[in-house]
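Trainee: here is a sequence with its predicted model. Questions after.
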Amino acid sequence: MKTIIYQTFPRLFGNFNEKLIWNGSLSENGCGKFNSYTDKALAAIKDLGITHIWFMGVIRHSTCTAYQDYGIEKDHCAIVKGKAGSPYAIKDYYDVDCDLAEKVKERMSEFESLIKRTHKAGMKVIVDFVPNHVARSYKSLMKPAYIEDLGQNDHTSCVFDPVNNFYYLPGQYLELQREEAEEDFDYSEFPAKVTGNDCFKDVPDRNDWYETVKLNYGVDYQNGNEKKFTPLPDTWKKMLNILLFWTDKGVDGFRCDMAEMIPVEFWSWVIPRVKSHKNVSFIAEIYNPSLYYDFINRGKFDMLYDKVGMYDTLRNVICGKSNVNSLSACWQSISNIQKHMLYFLENHDEQRIASDFFAGNSKTGIPAFAYISMLNTNPVMIYNGQELGEQGMDEEGFGGLDGKTTIFDYWSMKSIRNWANNGRFDGGKSTVEELSLRNEYRKILHFVSKEKAFSEGHFYGLDFCNDYSSNRITSFLRKYERELLLVVINFDSEAHEVNVHIPKNAFETLQFRDNTASKTKNLITGKKNISALTQHSLFRTKVEPNYYNIIKFRLLT
């Protein structure tokens with residue numbers, strides 16, 4: 001079965017408040033809850049064709065919201081991005097975000113119930129694992145009693161010590177920009193810890209990950225990146241305990257934040273140990289293509305982000321900055337591991353397709369999503385709101401007007417509010433355009449789930465042997481047993497009559513005879529026929545603007 005991931009941010013997904021205030025607090029703007037993912041909500045997500053849900057921002061992180069009745073103080077605003085805080089500045093690896101609970105005291109039970117509901121709905125659960133950095137204020141209140149806290153036994157008089165969990169700047173105070181309007185005292189940290197993006201300065205700037213501190217996996221960055229892995233670094237053991245803790249909660253996979261900033265030796269050590277406990281999936285957020293093979297082969301990851309290759313190239317194609325010929329280089333460069341590459345068009349780090357900063361039109365994402373979903377057996381991901389044309393054009397607070405949906409502020413998404421319809425999750429308030437777009441995403445995902453040629457079959461690209469009337473048209477074949485799919489995708493704003501040539505090598509590679517009689521069906525129009533593919537004549541089909549066509553051939557002999 002093809003893996004289809006739905007990335008969702010609980011803080012925003014279940015928040016139906018329409019009266020939002022710029023930089024508003026929890027009490028002003030509200031927050032979604034674990035319980036917002038009702039059976040109806042999960043069934044509707046499943047109906048899209050989803051196999052896995054990535055619940056982003058589950059683990060408790062730094063925030064400007066206090067829960068003093070539960071011993072949780074608010075963080076200094078100088079080390080928090082936005083009022084709600086970044087979900088990637090983890091404050092307690094063994095706890096969940098209090099904001100997401102109806103009853104704070106029962107927050108972990110509420111999350112465990114969400115896991116069970118998701119499994120009952122027929123989907124698996126993915127959560128974030130943030131191994132590279134933690135909040136500057138990290139202190140676990142909920143860790144098991146037998147586990148020592150991060151930094152508890154560190155030697156703070158040296159920059160690097162392989163037994164330490166953090167890196168330090170001895171004798172130096174951390175200096176951060178003071179937020180005069182929020183606090184009447186400066187944040188104090190002595191000695192200063194090294195900032196999460198490998199910033200060995202006591203005065204990190206606003207472009208650094210100043211709200212986080214770097215974890216030490218036994219690499220001495222200031223002495224030629226010397227690796228000291230014997231004896232086993234303490235951080236390795238602590239991270240294994242954290243992964244096993246969440247695995248025992250019923251989690252089925254981990255999206256590993258900035259995995260490439262952690263030595264691959266750690267991954268090759270920890271992933272097999274976790275998998276021997278339970279066969280969970282590991283997804284690496286990784287942006288350096290030179291590391292891809294190492295993280296698959298040595299690191300044992302199941303999936304890798306394909307941002308630098310496929311996402312960046314598709315974005316240029318959608319925006320008219322590149323033609324479709326550039327796409328072939330993406331899958332050709334990683335052909336041996338393509339099945340591991342996680343394709344996406346949106347996530348929390350990227351601008352929305354419908355935003356003014358990207359395409360300004362959600363429909364232009366349809367041919368691109370069809371392309372990444374049908375190209376091979378690799379996993380595909382969509383981000384909540386993408387299927388409804390969420391624009392990302394709100395100026396929420398810290399997030400700002402940037403074409404993205406904020407991960408730092410208390411906010412909600414209009415398209416999701418419309419679809420959720422105050423908890424009915426029936427699209428009752430959605431516009432015709434929103435429902436039409438969602439149906440297109442659903443159609444694509446149902447094609448790739450139903451047709452084994454997509455989920456399990458072989459691939460053959462046709463661009464190299466065709467010269468179409470537009471450089472915004474691409475085509476390929478998928479084959480499974482006696483079924484063959486011809487896919488033609490049109491990124492152009494105009495319809496095109498396309499004449500497709502199938503070369504002799506395609507018949508040989510996919511092992512089907514030239515000019516074999518076939519039952520054909522256009523999966524888009526439903527039209528049926530009897531015909532045959534042959535290298536000696538062109539196959540003619542029409543493709544609508546910003547759309548795709550699928551012709552299914554069932555070989556008769």
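Mentor: Received, thanks.
Trainee: now the helices for the stretch 401-550 of the chain?
Mentor: Counting by DSSP state H, counting those that start in this stretch, the stretch 401-550 of the chain has helices at residues 414-420, 432-450, 452-455, 504-510.
Trainee: make CSV from those helices and add mean pLDDT to it.
Mentor: Listed next are these as CSV, based on pLDDT from 0 to 100:
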stretch, mean pLDDT
helix 414-420, 98
helix 432-450, 98
helix 452-455, 96
helix 504-510, 94
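Trainee: winner for burial among these?
Mentor: With neighbours taken as mean count of other Cβ atoms under 10 Å, the helices of the stretch 401-550 of the chain reach their highest mean count in helix 414-420, at a mean of 23. (Glycine included, C-beta is placed from N, CA and C.)
Trainee: for Asn132, give me its contacts.
Mentor: If a contact means Cβ atoms under 8 Å, 6 or more residues apart in numbering, then Asn132 has 196, 214-215, 257-258, 261-262 as its contacts.
Trainee: that older thread, tell me which of the helices of the stretch 401-550 of the chain lies nearest to Tyr287.
Mentor: helix 432-450 (25.9 Å; Cβ to Cβ).
Trainee: what's in contact with the closest one?
Mentor: Around helix 432-450, the neighbours that count as contacts under Cβ under 8 Å, 6+ apart are 1-2, 4, 47-50, 362-363, 366, 369-370, 373-374, 380, 382, 386-389, 415, 418-419, 427, 430, 454-455, 523, 550.
Trainee: can you do 7 Å?
Mentor: Applying Cβ atoms under 7 Å, 6 or more residues apart in numbering, the external contacts of helix 432-450 come out as 2, 4, 47-49, 362-363, 366, 369-370, 373-374, 382, 387-389, 415, 418-419, 427, 454-455, 523, 550.
Trainee: related to what we said a few turns ago, the contacts of Asn132 in strands, which ones?
Mentor: Taking DSSP state E as the definition of strands, these contribute Lys214.
Trainee: which one of the contacts of Asn132 sits closest to Phe464?
Mentor: Using Cβ to Cβ as the measure, the one of the contacts of Asn132 that approaches Phe464 most closely is Met258, at 36.2 Å.
Trainee: I'd say the closest one and Glu285 touch.
Mentor: Yes. Proximity of Met258 to Glu285 meets the contact threshold set by Cβ atoms under 7 Å, at 5.7 Å.
Trainee: OK, contacts around the closest residue to Phe160 other than its chain neighbours?
Mentor: Nearest residue to Phe160, sequence neighbours excluded (Cβ to Cβ, 6 or more residues apart in numbering): Asp220, at 4.8 Å. Residues in contact with Asp220, defined by Cβ under 7 Å, 6+ apart, are 160, 226, 228.
Trainee: same check, this time on Val274
Mentor: Val274 makes contacts with 243-244, 247, 280, as judged by Cβ under 7 Å, 6+ apart.
Trainee: ok, now Leu510?
Mentor: Leu510 sits next to 458, 460, 477, 479 when contact means Cβ under 7 Å, 6+ apart.
Trainee: ranking the residues you listed by neighbours, who comes first?
Mentor: Within the contacts of Leu510, most neighbours by other Cβ atoms under 10 Å means Leu477, with 24 neighbours.
Trainee: and it, what pLDDT?
Mentor: We note a pLDDT of 97 for Leu477 in this prediction.
Trainee: correct me, but it touches Tyr460?
Mentor: Yes. When contacts are counted by Cβ under 7 Å, Leu477 is listed as touching Tyr460 (4.3 Å).
Trainee: who touches both of the two?
Mentor: Joint contacts of Leu477 and Tyr460 (Cβ under 7 Å, 6+ apart) are 506, 510.
Trainee: nearest to Phe129, out of the contacts of Val274: which one, please.
Mentor: Distance ranking of those against Phe129, using Cβ to Cβ, places Leu243 first at 6.5 Å.
Trainee: correct me if wrong, but the closest one is in a helix.
Mentor: Yes. When classified by DSSP: H, G, I helix; E, B strand; the rest coil, Leu243 is found to be part of a helix.
Trainee: from Phe295, how far out is the closest residue to it other than its chain neighbours?
Mentor: Setting aside the residues directly before and after it, Leu243 is nearest to Val274 in space (Cβ to Cβ, 6+ apart), at 4.9 Å. Spatial separation of Val274 from Phe295 under the definition Cβ to Cβ, to the nearest Å is 16 Å.
Trainee: now Asp161, what are its backbone angles?
Mentor: Asp161 adopts backbone torsions of phi -150, psi 130, taken as degrees, to the nearest 10.
Trainee: and what of the one 3 residues further on?
Mentor: With angles defined as degrees, to the nearest 10, Asn164 shows backbone torsions of phi -80, psi 160.
Trainee: which residue packs closest to it, ignoring adjacent ones?
Mentor: Spatial nearest neighbour of Asn164, chain neighbours left out: Asp154 (4.3 Å); criterion: Cβ to Cβ, 6+ apart.
Trainee: how about Phe398?
Mentor: Residue nearest to Phe398 in three dimensions, not counting chain neighbours: Gly82, with 3.4 Å by Cβ to Cβ, 6+ apart.
Trainee: my guess is that neighbour contacts Phe408, does it?
Mentor: Yes. Using Cβ under 7 Å, Gly82 is in contact with Phe408, at 3.0 Å.
Trainee: what do these two both touch?
Mentor: In contact with both Gly82 and Phe408: 397-399, using Cβ under 7 Å, 6+ apart.
Trainee: nearest to Ile530, out of those: which one, please.
Mentor: Taking Cβ to Cβ as the measure, Gly399 is the one of the shared contacts of Gly82 and Phe408 closest to Ile530, at 55.8 Å.
Trainee: what is the neighbour count of the closest one?
Mentor: Gly399: 20 surrounding residues under other Cβ under 10 Å.
Trainee: ok, the closest residue in space to it that isn't next to it in sequence - contacts?
Mentor: Spatial nearest neighbour of Gly399, chain neighbours left out: Thr406 (2.8 Å); criterion: Cβ to Cβ, 6+ apart. Remark: with contacts taken as Cβ under 7 Å, 6+ apart, Thr406 is in contact with 396-397, 399.
Trainee: what helix or strand is the most centrally placed residue in the chain on?
Mentor: For the chain, Asn347 is the residue whose C-alpha lies nearest the centre (Cα atoms, centre = their mean; 5.3 Å). Taking DSSP states H and E as the criterion, no element holds Asn347; it sits outside all helices and strands.
Trainee: pretty sure it sits against Ile382.
Mentor: No. Taking Cβ under 7 Å as the contact criterion, Asn347 and Ile382 are not neighbours in contact, 9.0 Å apart.
Trainee: for Tyr460, report the pLDDT, please.
Mentor: In this prediction Tyr460 is given a pLDDT of 96.
Trainee: for Thr534, same thing?
Mentor: As summarised for this prediction, Thr534 has a pLDDT of 89.
Trainee: apart from its chain neighbours, what residue comes closest to Ser326?
Mentor: Once flanking residues are discounted, Ser326 sits nearest to Thr313: 5.3 Å by Cβ to Cβ, 6+ apart.
Trainee: ok, how many other residues are close to that neighbour?
Mentor: Thr313, neighbours per other Cβ under 10 Å, totals 20.
Trainee: mind checking the backbone torsions on it?
Mentor: Recorded main-chain torsions at Thr313 are phi -70, psi -40, according to degrees, to the nearest 10.
Trainee: just checking, it touches Leu327?
Mentor: Yes. Counting by Cβ under 7 Å, a contact exists between Thr313 and Leu327, whose distance comes to 5.9 Å.
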